[in-house]
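> Task: produce atomic coordinates for the following.
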Amino acid sequence: MFLGLLVGFVCAALAILVLVLTIGYFQLRYRFERDGLAITWLGRRDLIPYDRVDGIFAGQRLGQAMRVRGLNWPGFHIGVGRTRAMGFVRYCVTTGDLAEIALIVTPDVTFAVSPADGAGFRRELIRRVEESSPELVPASQTASKAPAHPASALRDVSFYALHLAALAVLACTGLYIWLHWDAARETIVLQATPDAGRVECGQPAALVCGTQADIFRLPGMGTAILIANLGIGLAVYARERTAARLLWATSVVVQVLILIATARVLH
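Just a heads-up that it's a prediction; the model follows:
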């Protein structure tokens, strides 16, 4: 039952991920604002100040095919990459055709976008950049601008909330074992076939039995999954926050399933 629920949850999580990314595809926007070009996607917002734009080029300027680290599906690319011609590139595009991509170069990073009207987009951006004269910006304000810090999971509230929830459920599992340890049978059933109810424990064809200490395999499994999801989530957070959060949420659900499985085994 536990493995069936776990597989079902993983499939449901993947379906939710596809749904979220589909919504993100239709929510990707490039908007001209008073202070700069805003790029929004699934709650993330990057603002490119007009006075920080050093150049505007067509996608062919990349000099190579796109190599995106992050979300890299056919017709949908959100992530980062590095090229010899343009250096560090942040991709927010819905096409793989370089002819339909515009490159916006800043001192820190090059942004790749794919507006519906590429020529009109470049003309409007050039006009706004020309109107934003660097001489009008105070020298102290220009000097104070610094590259944005990379995304850190340690600044994400969901990182702490989900892991505290997972640890709390894992602690409940340990407390449940402690409270029911004396009342538990010396031999416990770990796995049963459909006809297990008609035979006595000790017949391996119907039941798989173990000692009391074997019950700790369940919270041990939960701890391993928690640590693995923590590490993988931290590794992918900078490139794909949604996937990292789903992994951490999976840890919470797994701990709940393990608590249920522990209660069934001890009873």
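
> And this structure, what are its domain boundaries?
Per automatic domain parsing, the structural domains of the chain span 28-144, 153-266.

> can you redo the ones you listed as a markdown table with mean pLDDT and distance to Val18?
Any C-beta I mention is one placed from the backbone N, CA and C, and that applies to glycine too. Output for the domains of the chain, formatted as a markdown table (pLDDT from 0 to 100; distance: least, CB to CB, whole Å):
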| stretch | mean pLDDT | distance to Val18 |
| --- | --- | --- |
| domain 28-144 | 81 | 10 |
| domain 153-266 | 75 | 11 |
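
> would CSV of the ones you listed with mean neighbour count and distance to Leu3 be doable?
Shown next, in CSV, are those (neighbours: other CB atoms under 10 Å; distance: least, CB to CB, whole Å):
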stretch, mean neighbour count, distance to Leu3
domain 28-144, 15, 30
domain 153-266, 16, 10
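
> looking at those, which is closest to Leu6?
The closest of these to Leu6 is domain 153-266. By CB to CB, the value is 6.2 Å.

> The domains of the chain into TSV, with extra columns for distance to Leu6?
Formatted as TSV, the domains of the chain follow (distance: least, CB to CB, whole Å):
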stretch	distance to Leu6
domain 28-144	25
domain 153-266	6
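
> what about those domains, which gets the closest to Leu19?
Closest among these, using CB to CB: domain 153-266, at 10.7 Å.

> Show me what the one helix or strand Leu167 maps to is packed up against.
According to DSSP states H and E, Leu167 maps onto helix 157-179. The contact analysis (3 or more CB pairs under 8 Å, 6 or more residues apart in numbering; DSSP states H and E) places helix 157-179 against helix 217-236, helix 241-266.
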